[in-house]
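Chemist: I'll drop the sequence and a predicted model, then ask my questions.
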Amino acid sequence: MRIIELTEESQNNILDNLLKRSPNNYDQYQETVNEILSNVKNRGDEAVFEYTKKFDKAELSSDTLYVTQEEIDEAYELVDDELIEVMKKSIKNVKDFHEKQVRNSWITTREDGVILGQRITPLDNVGVYVPGGKAPLSSSVIMNIIPAKVAGVREIIMATPPGADGKVNPSTLVAANLSGATKICKVGGAQAIAAFAYGTESIPKVDKITGPGNIFVALAKKTVYGNVGIDSIAGPSEIMILADETANPRYVAADLLSQAEHDELASAILVTTSRELAEKVSEQVEKFTAKLSRKDIITKSIENYGYILLTDSLKEAIDVVNEIASEHLEILTKNPFDTMTRVKNAGAIFLGEYSSEPLGDYFAGPNHVLPTNGTAKFFSPLSVDDFIKKSSVISYSKEALEEAHEDIIRFAKAEQLTAHANSIAVRFGKEVFE
């Protein structure tokens, strides 16, 4: 890996390079996405089936669109029993963590008859998107469905592309069934997002769409936002490791590569105050990469978006961590908990040498759907809050409104909204028309 001494110029160059991976920079695909969205909106199931045949080589109909119980039963037979038990443990951990996020409605009352509060209700139905491909993302199934279940969402429909044989990856089906998906439809890509956003004859319009996907899925979610809610526009995976001279270089290198193997656009960055650590990590990265099954992907990722940044001080290192605002942040310093208190921007923070990033991907409990491309400065991990909505509750007695009515009328008239003012005034035998 390249070792770079951190300067203002090198930091800016790295930030510019990382931002190139954002879905906002792939406008050349937008026309294709718009065409798919428009076709599905106007032609419904027919367009969905055509795109599934075109992109996934699978023949679908309204009779074969949804996964059947027989297919789920078959999936359980095909998935290793030990993996199923691991999934169950993971689901329990994720459920336990997210149950602590649940918030309750509340009401306050005053002696003058004022009642104020907030009512919290779950979304009615959501669409969860799960990519297909050679590497099934069973963990993403769990991370998207469990918080929706904990929030109390009535209907959770999962969409995932089928293989050419019209079947869905068995481990994806088992994870969805264990997590509590209401229905599973065999649709992928931008056409699945369009079906969720607009509804078709067979797929209902949902209130919100969550889940990762390729650039076409990301752009489709971005485009339909406002017609439905979305969780975020996910970019390529990222890891940043903040380490000092006490860190184990083998652990650091292994953890960097755990994200670099996702795809060629993934980013892996070490920020350290130790040149000796930097050099040893660079050596270990080369040794590990040569042995790993996805070495071609890792090599491209490291060449394009992999960095080892050398800083003069821990404060300078923390400053660059906050500026880059990575999706995953590992802190491998002498006192990681103290270091964490100065970190403001990160999707998920892993503390200490036995808290490597894959622990969060699969098992610990916190959600692994995280903000990318610097959006950890203002976005948060997927949570129960993403599957609820809040309504304000307001009730005034006549006496309470009478005490406040002149102030309200004055405020409304200052904004030249006389109908607003009149709405208050008529309740006390007055009229306001100018």
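Modeler: Here it is on my side, so go on.

Chemist: could you report the neighbour count for the closest residue to Pro371 other than its chain neighbours?
Modeler: Spatial nearest neighbour of Pro371, excluding adjacent residues (C-beta to C-beta, 6 or more residues apart in numbering): Phe379 at 3.7 Å. C-beta: built from backbone N, CA, C; applies to glycine. When neighbours are defined as other C-beta atoms under 10 Å, Phe379 has 17 of them.

Chemist: ok but Glu403 is inside a helix, no?
Modeler: Yes. Checked against DSSP: H, G, I helix; E, B strand; the rest coil, Glu403 lies within a helix.

Chemist: so who does it touch?
Modeler: Asp112 (C-beta atoms under 8 Å, 6 or more residues apart in numbering).

Chemist: now do the contacts for the residue nearest to the spatial centre of the chain.
Modeler: Centroid check for the chain by C-alpha atoms, centre = their mean gives Val369 as the closest residue, at 3.7 Å. Val369 is in contact with 140, 143-144, 210-212, 231-232, 234, 381-382, counting by C-beta under 8 Å, 6+ apart.

Chemist: so which of the residues you listed belong to helices?
Modeler: 140, 143-144 (DSSP state H).

Chemist: quick check on those: which are buried?
Modeler: Among the ones in helices among the contacts of Val369, the ones that count as buried by 16 or more other C-beta atoms under 10 Å are 140, 143-144.

Chemist: quick one: which of those residues is nearest Lys20?
Modeler: Lys20 lies nearest to Ser140 out of those, by C-beta to C-beta, at 24.4 Å.

Chemist: tell me the contacts of that closest one?
Modeler: Ser140 touches 130-131, 211-212, 368-369, counting by C-beta under 8 Å, 6+ apart.

Chemist: how about a cut-off of 10 Å?
Modeler: Residues counted as contacts of Ser140 (C-beta atoms under 10 Å, 6 or more residues apart in numbering) are 128-131, 160, 172, 175, 210-213, 361, 368-369.

Chemist: one more: Met158?
Modeler: Residues near Met158 by C-beta under 10 Å, 6+ apart: 67, 126-130, 141, 144-145, 168, 172-173, 175-177, 179, 181-185, 187, 192, 211.

Chemist: would you mind listing the buried residues in stretch 401-412?
Modeler: Burial within stretch 401-412, assessed by neighbour count using 16+ other C-beta under 10 Å, is assigned to 401, 405, 409, 412.

Chemist: cool, stretch 384-399 as well?
Modeler: Neighbour counts using 16+ other C-beta under 10 Å place 384-388, 396 of stretch 384-399 among the buried residues.

Chemist: among the residues you listed, which two are most distant?
Modeler: Farthest apart among the buried residues of stretch 384-399 by C-beta to C-beta are Asp386 and Tyr396. That separation is 32.4 Å.

Chemist: elements contacting the helix or strand hosting Leu329?
Modeler: Assigned by DSSP states H and E, Leu329 belongs to strand 328-332. When contacts are defined as 3 or more C-beta pairs under 10 Å, 6 or more residues apart in numbering; DSSP states H and E, strand 328-332 sits against strand 238-243, helix 249-260, strand 267-272, helix 314-324, helix 336-340, strand 348-351, helix 357-362.

Chemist: that older thread, format the buried ones among the ones in helices among the contacts of Val369 as JSON lines; extra columns: pLDDT.
Modeler: Below are these laid out as JSON lines (pLDDT from 0 to 100):
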{"residue": "Ser140", "pLDDT": "94"}
{"residue": "Met143", "pLDDT": "97"}
{"residue": "Asn144", "pLDDT": "97"}
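
Chemist: where do the strands sit along the protein?
Modeler: For the chain, the strands defined by DSSP state E occupy 3-5, 106-109, 115-122, 125-129, 155-159, 183-185, 208-210, 229-230, 238-243, 267-272, 306-310, 328-332, 348-351, 388-395.

Chemist: parallel or antiparallel, which strands does the fourth one pair with?
Modeler: Just to be clear, that refers to strand 125-129. Using DSSP bridges, the strands paired with strand 125-129 are strand 155-159 (parallel), strand 208-210 (parallel).

Chemist: and for the second one?
Modeler: Sheet pairing here is set by DSSP bridges, and for strand 106-109 it gives strand 115-122 (antiparallel).

Chemist: want to throw the helices and strands packed on strand 328-332 into CSV with mean pLDDT, mean neighbour count and distance to Glu303?
Modeler: As requested, the helices and strands packed on strand 328-332 are arranged in CSV below (pLDDT from 0 to 100; neighbours: other C-beta atoms under 10 Å; distance: least, C-beta to C-beta, whole Å):
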stretch, mean pLDDT, mean neighbour count, distance to Glu303
strand 238-243, 96, 27, 16
helix 249-260, 96, 23, 10
strand 267-272, 95, 27, 11
helix 314-324, 94, 19, 19
helix 336-340, 97, 16, 29
strand 348-351, 98, 20, 25
helix 357-362, 94, 18, 21
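
Chemist: ok, back up a step: pretty sure the residue nearest to Pro371 sits against Gly347.
Modeler: Yes. Assessed by C-beta atoms under 10 Å, Phe379 is found in contact with Gly347 at 8.0 Å.

Chemist: spit out the residues that contact those two alike.
Modeler: Common contact partners of Phe379 and Gly347 (C-beta under 10 Å, 6+ apart): 325, 370-372.

Chemist: hmm, which two among these are most spread apart?
Modeler: Spatially, the most separated pair among the shared contacts of Phe379 and Gly347 is Ala325 and Leu370, at 10.8 Å (C-beta to C-beta).

Chemist: residues shared between the contacts of these two?
Modeler: Taking C-beta under 10 Å, 6+ apart as the contact rule, Ala325 and Leu370 both touch 238, 346-347, 376, 379.

Chemist: how about the residues you listed in JSON lines, adding distance to Ser267?
Modeler: Formatted as JSON lines, the shared contacts of Ala325 and Leu370 follow (distance: C-beta to C-beta, whole Å):
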{"residue": "Glu238", "distance to Ser267": "4"}
{"residue": "Ala346", "distance to Ser267": "14"}
{"residue": "Gly347", "distance to Ser267": "13"}
{"residue": "Ala376", "distance to Ser267": "13"}
{"residue": "Phe379", "distance to Ser267": "17"}
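
Chemist: between those residues, which is closest to Val320?
Modeler: Nearest to Val320 out of the shared contacts of Ala325 and Leu370 is Ala346 (C-beta to C-beta; 12.1 Å).

Chemist: could you report the separation of that closest one from Thr339?
Modeler: Distance, Ala346 to Thr339, using C-beta to C-beta, to the nearest Å: 12 Å.
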